[in-house]
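give me a 3D structure for the following:
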Amino acid sequence: MPDRYFEDFEIGEEWVYPAWTLDHHELVEFAKRYDPQPMHTDPVGALDGPYGGLIASGWQTALHCIQPFLEEVMKHTAGLASPGFETFQWLKPVRPEEPVTPMIKVLDSRRSKSKPDLGLVRFEFSGADSAGDTVWRADGTFFISTRNSV
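Residues are numbered from 1 along each chain as shown. Modelled structure (predicted):
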């Protein structure tokens with residue numbers, strides 16, 4: 001049985017997780033497999049690029065920011081699926097060894113009009129660097145079962 005249902009999410013509720021970092025090797029290995037662009041994979045070539053050095057793949061940044069919430073909250077929630085994200089933005093590059101703090105916030109929730117046993121919860125996902133600047137931001141909706149539907 002899930003620990004959380006639609007009714008358990010409150011607008012304004014927030015989660016902040018410990019900062020993560022990527023070392024040079026993790027950054028390059030991920031990029032070689034999933035995002036093989038020189039700014040992510042070529043330390044020498046990246047020096048002459050627009051960022052003056054290696055930067056993490058935005059996909060790697062997003063995954064590291066959303067993973068703790070999926071593991072600690074959604075894994076134990078009566079979640080069904082997500083129709084997608086309304087916003088998905090990479091705002092600032094992430095460099096090796098730079099700490100990024102993941103944050104999640106409930107923006108909105110409503111019961112489905114067509115399927116009253118479902119609720120829709122809209123979350124904002126983000127990651128901030130050590131200066132407090134947002135490096136990645138997304139907001140998306142998740143379908144979550146209501147308590148009385150189980």
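
max-length helix in this structure?
Longest helix of the chain, by residue count under DSSP state H: helix 58-72.

show the contacting residues for the residue nearest to the spatial centre of the chain.
The chain has Ile66 as the residue nearest its centroid, 2.9 Å off, counting by Cα atoms, centre = their mean. By Cβ atoms under 8 Å, 6 or more residues apart in numbering, the contact set of Ile66 is Pro102, Ile104, Phe125, Ala138. Yep, even glycine has a C-beta here, placed from its N, CA and C like the rest.

give me the neighbour count for the third one.
Residues lying near Phe125 (other Cβ atoms under 10 Å) number 22.

now do the strand or helix carrying Ala138 and helix 58-72, the angle between them.
Element membership of Ala138 [criterion: DSSP states H and E] is strand 134-145. Taking axes from the mean of the first three to the mean of the last three Cα atoms, to 10 degrees, one finds strand 134-145 and helix 58-72 inclined to each other by 40 degrees.

what strands flank strand 134-145, and is each parallel or antiparallel?
Note on strand 134-145: by DSSP bridges, its sheet partners are strand 79-90 (antiparallel), strand 118-128 (antiparallel).
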